[in-house]
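Engineer: need the 3D shape of this:
(one chain, ligands or ions: 1)
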Amino acid sequence: MDLGKNNAGNTSNVSISESKLWQSILHDLREKIDNTSYMILNSLEEVYYSEGNIYIYTPDNIYKNWIETEILETIETSANKVIGRNVKIHIISLKDKSSKKTKKSKNSKNFEETDFYQYLSLNPKYTFDNLIVGNNNKVAFQACLAVTENLGKIYNPLFIYGDVGLGKTHLLHGTAYHVLAKNSTAKIIYTTADTFASELFSYLEKGMILEFRKKYREVDLLLIDDIQFLVGKERTQIEFYHIFNVLYSLGKQIILSSDQPPSKLNGIEKRLISRFSSGLIVEITKPDLETKINITLKKMKELNVEFSRDVVLFIAKTVNTSVRELEGSIKRLKAYSEIMGRPITLDVARTVLKDVLEVNEVQPLTVERIQKEVCNYFNIDIKELLGNSRNKKSVTARQIAMYLSKELTDESLSSIARYFHKKDHTTILNAANKIKEMMEKDRKLKYTVDLIKDKLITL
Ligand SMILES: Nc1ncnc2c1ncn2[C@@H]1O[C@H](COP(=O)(O)OP(=O)(O)OP(=O)(O)O)[C@@H](O)[C@H]1O
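Structural biologist: I've put the predicted structure just below:
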């Protein structure tokens, strides 16, 4: 029987029998039912989920009767626990063809893995596949990747910090997904320090502190986001301190994120700070232009929207505060274009994102600024840059300035030519092409150009 096929022979749906959720339910049942019952359940090939119902198909009535009399309640309890809501279990014998048809009506939706991820509070979009890795987050990403290969063995704890909206949560969720992809039964808790604190108090109110401890002390990977929210919460810090110690001594992996490095987390106990600092601390910084362009292109694809190259460059250059804002700007432009039925031109983008630009107080990127920055870098006079000197340094500087003016401003080639006191726009085009070509072969030149570019656009 083909597990990937549903009743209608449609191969696009995934049955619960293949899913991580069913594996988790079976895993939970392993210790609770006898071996024969476990073998029976493990051998079943058709198990489906639909809106709070699990349909388990058995080859005949003997299996059906066994499950119903021996283990039905236990399955239900495990399923409720794993899914986090009440589910109803239906046992259907495949010999009884008519019941199969009724239960699996065309509205019946097979289980999707997103149900499982929602249960873990993971955003389905925050995977490594959707994460753009640039200079700003490369170290943090590599550290997370290394940790997934070797849970608890290296970089424990891993402490990731950076300003708001720079992708810390995305990285934490991506790590959890990556661990689950390698081992679907890994016990993972992702939570924020705030949720951890509220959860603790609700367990305390119910007199269930032991259950709370058990829950957190049993994990293979604990990810706590926004750890700065532990500041001032003394009771929560005490509880977290003990959980941390237990997990650490058991060699379980802990990953924390914060908007500050540990040393700046005033209001968190010293003993916790020293533990946060005992593993690897990595920073996520603001993305450079190239990374912002790549993120913009990725988000456009996710949002199914297309902008011209000019608009992409404009967004990436001008939205400087966070990746969240970058994403917000793309969404705004998309909404504007849909509502007004107009394509997004550079002028439209400028108008729609006016308030974002005001916040960012962007210094306009003019040909004059580029010329000045190039002169600073090469330590030459503007007269030398604009003159006709053929010495190597002046020629390189001039060509780089022409290349950057073409790449980073909206000026036409003729207009750029005027800024360089040239009559012919082909001078600019030739210089720009030459630098572009040379950068592919000459790493030192590429490094120089990138450095100047960074200075011009860095936030
Ligand atoms: N490198 C990246 N590639 C793709 N998307 C990114 C990247 N960095 C951030 N994002 C996106 O930016 C948005 C904000 O990221 P996220 O919530 O992870 O930031 P954060 O650092 O956790 O922020 P906060 O400190 O406010 O909690 C998300 O939609 C995320 O997908």
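
Engineer: tell me the pLDDT of T426.
Structural biologist: Note on T426: pLDDT of 95.

Engineer: just L289 next, same as before
Structural biologist: If you check L289, the pLDDT there is 89.

Engineer: pull the contacting residues for it.
Structural biologist: With contacts defined as C-beta atoms under 8 Å, 6 or more residues apart in numbering, L289 is in contact with A316, K317, K453, D454, I457. All C-beta atoms are positioned from the backbone trio N, CA, C, and that covers glycine.

Engineer: most neighbours of all those residues, which one?
Structural biologist: Among the contacts of L289, the one with the most neighbours (other C-beta atoms under 10 Å) is A316, at 23 neighbours.

Engineer: what helix or strand is the residue nearest to that residue when sequence neighbours are not counted located in?
Structural biologist: Spatially, and ignoring its direct neighbours in sequence, A316 is nearest to K292 (3.9 Å; C-beta to C-beta, 6 or more residues apart in numbering). Using DSSP states H and E, the element containing K292 is helix 289-302.

Engineer: the following helix or strand past that helix vs helix 289-302, what angle?
Structural biologist: Per DSSP H and E, the first helix or strand lying C-terminal to helix 289-302 is helix 309-318. Orientation of helix 309-318 against helix 289-302 (axes from the mean of the first three to the mean of the last three C-alpha atoms, to 10 degrees) gives an angle of 120 degrees.

Engineer: what helices and strands are in contact with the helix or strand containing L21?
Structural biologist: Element membership for L21, per DSSP H and E: helix 20-29. Other elements packing on helix 20-29 under the criterion 3 or more C-beta pairs under 8 Å, 6 or more residues apart in numbering; DSSP states H and E are helix 35-43, helix 72-83, helix 113-119.

Engineer: how far off centre is it?
Structural biologist: Helix 20-29 has its C-alpha centroid displaced from the chain centroid by 26 Å (C-alpha atoms, centre = their mean, to the nearest Å).

Engineer: got the angle for that helix vs helix 35-43?
Structural biologist: 180 degrees.

Engineer: what comes up buried for helix 20-29?
Structural biologist: Buried residues in helix 20-29, counted by 16 or more other C-beta atoms under 10 Å: K20, L21, W22, Q23, S24, I25, L26, D28, L29.

Engineer: just the C-alpha atoms of it, please, in PDB.
Structural biologist: Extracted in PDB, the C-alpha atoms of helix 20-29 (Å, rounded to 0.1, in the frame of the first residue of the first chain):
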ATOM      1  CA  LYS A  20       6.400  13.400  12.800                       C
ATOM      2  CA  LEU A  21       3.200  13.700  14.800                       C
ATOM      3  CA  TRP A  22       2.300  10.000  14.500                       C
ATOM      4  CA  GLN A  23       5.900   9.200  15.400                       C
ATOM      5  CA  SER A  24       5.700  11.400  18.500                       C
ATOM      6  CA  ILE A  25       2.400   9.700  19.500                       C
ATOM      7  CA  LEU A  26       4.000   6.300  19.100                       C
ATOM      8  CA  HIS A  27       7.000   7.400  21.000                       C
ATOM      9  CA  ASP A  28       4.800   8.600  23.800                       C
ATOM     10  CA  LEU A  29       2.900   5.300  23.800                       C
END
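
Engineer: quick one: it to helix 72-83, angle?
Structural biologist: Counting by the same axes, to 10 degrees, helix 20-29 lies at 120 degrees to helix 72-83.

Engineer: give the contact list for the closest residue to Y203 other than its chain neighbours.
Structural biologist: Leaving out its chain neighbours, the residue that sits closest to Y203 by C-beta to C-beta, 6+ apart is F212, at 3.8 Å. By C-beta under 8 Å, 6+ apart, F212 lies in contact with E199, L200, Y203, L204, E239.

Engineer: which phi and psi does I255 have?
Structural biologist: Backbone torsions of I255, given as degrees, to the nearest 10, read phi -130, psi 130.

Engineer: show the contacting residues for it.
Structural biologist: By C-beta under 8 Å, 6+ apart, I255 lies in contact with C144, V147, P157, L158, F159, I160, L172, T175, L221, L222, L223, I224.

Engineer: the fourth one and the ligand, how far apart?
Structural biologist: Going from L158 to the ligand by C-beta to the nearest ligand atom, to the nearest Å gives 15 Å.

Engineer: who does the residue lying closest to that residue once chain neighbours are set aside bridge with?
Structural biologist: In space, and not counting its chain neighbours, L158 is closest to I255: 4.6 Å by C-beta to C-beta, 6+ apart. Applying DSSP bridges to I255 gives these bridge partners: L158, L223.

Engineer: pLDDT value on I255, please?
Structural biologist: Model confidence at I255 (pLDDT) stands at 98.

Engineer: okay, and Y161 sits in which element?
Structural biologist: Using DSSP H and E, Y161 falls within strand 158-162.

Engineer: helices or strands up against that strand?
Structural biologist: The contact analysis (3+ C-beta pairs under 8 Å, 6+ apart) places strand 158-162 against helix 138-149, helix 168-182, strand 253-258, strand 280-284.

Engineer: if we use 6 Å, what do you get?
Structural biologist: Contacts defined by 3 or more C-beta pairs under 6 Å, 6 or more residues apart in numbering; DSSP states H and E place strand 158-162 against helix 138-149, strand 253-258, strand 280-284.

Engineer: specify the angle between the shortest one and strand 253-258 in degrees.
Structural biologist: Meaning strand 280-284. Using the same axes, to 10 degrees: strand 280-284 against strand 253-258 is 40 degrees.

Engineer: check which strands are paired with strand 280-284 and give the direction for each one.
Structural biologist: Strand pairing for strand 280-284, determined by DSSP bridges: strand 158-162 (parallel).

Engineer: quick revisit: what is the nearest of the contacts of L289 to the ligand?
Structural biologist: Among the contacts of L289, A316 lies closest to the ligand (C-beta to the nearest ligand atom), at 12.7 Å.

Engineer: could you list every residue that touches the closest residue to the ligand within the stretch 51-200 of the chain?
Structural biologist: With C-beta to the nearest ligand atom, the shortest gap between the stretch 51-200 of the chain and the ligand falls at G167, namely 2.6 Å. G167 is in contact with N137, V323, counting by C-beta atoms under 6 Å, 6 or more residues apart in numbering.

Engineer: now it: how far from Y57?
Structural biologist: Distance, G167 to Y57, using C-beta to C-beta, to the nearest Å: 43 Å.

Engineer: again, but for I382
Structural biologist: 80 Å.

Engineer: low-confidence ranges in the stretch 1-150 of the chain?
Structural biologist: Along the stretch 1-150 of the chain, the model assigns pLDDT under 70 to residues 1-19, 50-51, 95-120.

Engineer: I416: what secondary structure?
Structural biologist: Under DSSP: H, G, I helix; E, B strand; the rest coil, I416 falls in the helix class.
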